[in-house]
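1. any chance you could fold what I've pasted below:
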Amino acid sequence: MAERRRLFVLASPVIVILIGFTVAIISRQLLQPDIAWLPPMIAYWLTLFLAIVLLHGLKAYRQWLQPSQGHWFFRILSLLNVAFIAIPSLLFGKAIVISSVGLVVAWLLIVVLNPIVEEGYWRATLMDAASPWQGWAAVLYSAVWFGLSHPLIIGINIALVAGVTGFIGTFINGLIWAITYRGSRSLRWGIVTHIAANVFSIAIFLGLLQLQF
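-> Predicted coordinates for the structure are as follows:
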């Protein structure tokens, strides 16, 4: 039974992406472009959250958030993802001010919630199921599915993370966070640097600025 459950977890990214993709396509047809990204985003979060709860329970975060182990390199490595997103945003992005209280709350929710559920699913849940494999195989498996999820779910309605470029960028991010989790056996640095990276995400800002609160 344990082996069947492990195989189900390894296959579950197909379900996650299929649900998100379907909602994204429907939203694109029925809603205005400025809000069409929101339903698939919510469906994506809910699917990841339910997967974590059903497969592990929220108590699993106690184990995943244990102090980092291994060489310090694996903790510092995750800072690269912050640099990859923050540096281009600071150099080439325009100043964006969110003045609405509703937008600020929504921004904080996305910045914090997204890393918690994504790291809990794509790194901890998926890579723990792949733990019998060679380390590089588990890391690549997690990174590839994470990379595919963004253009196939979010990228349907947000061009910035669409197509091959969306996949490559997200794949690199996923690769670094997967290596961090594999090397440190903890989600602490992954979640913290994921939150920091989201703070500078232009895609999040542009999506939120289209909403009216």
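
2. any idea which residue sits dead centre in this protein?
-> In the chain, the centroid-proximal residue (C-alpha atoms, centre = their mean) is E118; its distance is 4.0 Å.

3. and whichever strand or helix holds that one, what's buried?
-> Secondary-structure assignment from DSSP states H and E places E118 in helix 101-118. Buried residues in helix 101-118, defined by neighbour count with 16 or more other C-beta atoms under 10 Å: 103, 106-107, 110-111, 114-118. For glycine as for every other residue, the C-beta is placed from the backbone atoms N, C-alpha and C.

4. and the next helix or strand past it?
-> Going down the chain from helix 101-118, the next helix or strand is helix 126-129, by DSSP H and E.

5. check which helices and strands the longest helix along the chain sits against.
-> Among the segments of the chain that qualify as a helix by DSSP state H, the longest is helix 2-30. In terms of contacts (3 or more C-beta pairs under 8 Å, 6 or more residues apart in numbering; DSSP states H and E), helix 2-30 is packed against helix 38-55, helix 126-129, helix 135-149.

6. who's in contact with the second one?
-> If I follow you right, that is helix 126-129. Contacts to helix 126-129, defined as C-beta atoms under 8 Å, 6 or more residues apart in numbering, come from residues 6, 9-10, 12-13, 138-139, 141-142, 145, 178, 181-182.

7. quick check: V192 vs S201, distance?
-> Distance, V192 to S201, by C-beta to C-beta, to the nearest Å: 15 Å.

8. higher neighbour count, the two?
-> Neighbours were counted for V192 and for S201 using other C-beta atoms under 10 Å; S201 has more, 19 against 16.

9. and the residue nearest to the more buried one when sequence neighbours are not counted, what is it in contact with?
-> Leaving aside its sequence neighbours, S201 sits nearest to I85 (C-beta to C-beta, 6 or more residues apart in numbering; 6.0 Å). Residues counted as contacts of I85 (C-beta under 8 Å, 6+ apart) are 173, 197, 200-201.

10. just the residues you listed: which are in helices?
-> 173, 197.

11. farthest pair within the contacts of I85?
-> Based on C-beta to C-beta, the longest span within the contacts of I85 runs between N173 and F200 and measures 12.5 Å.

12. and those two? Which one has more around it.
-> Higher neighbour count among N173 and F200: N173, with 23 against 19, using other C-beta under 10 Å.

13. by neighbours, which of the contacts of helix 126-129 wins?
-> Using other C-beta under 10 Å as the neighbour criterion, Y181 leads the contacts of helix 126-129 with 29 neighbours.

14. hang on, isn't that residue packed against T193?
-> No. If you go by C-beta atoms under 8 Å, Y181 and T193 don't touch, sitting 11.4 Å apart.
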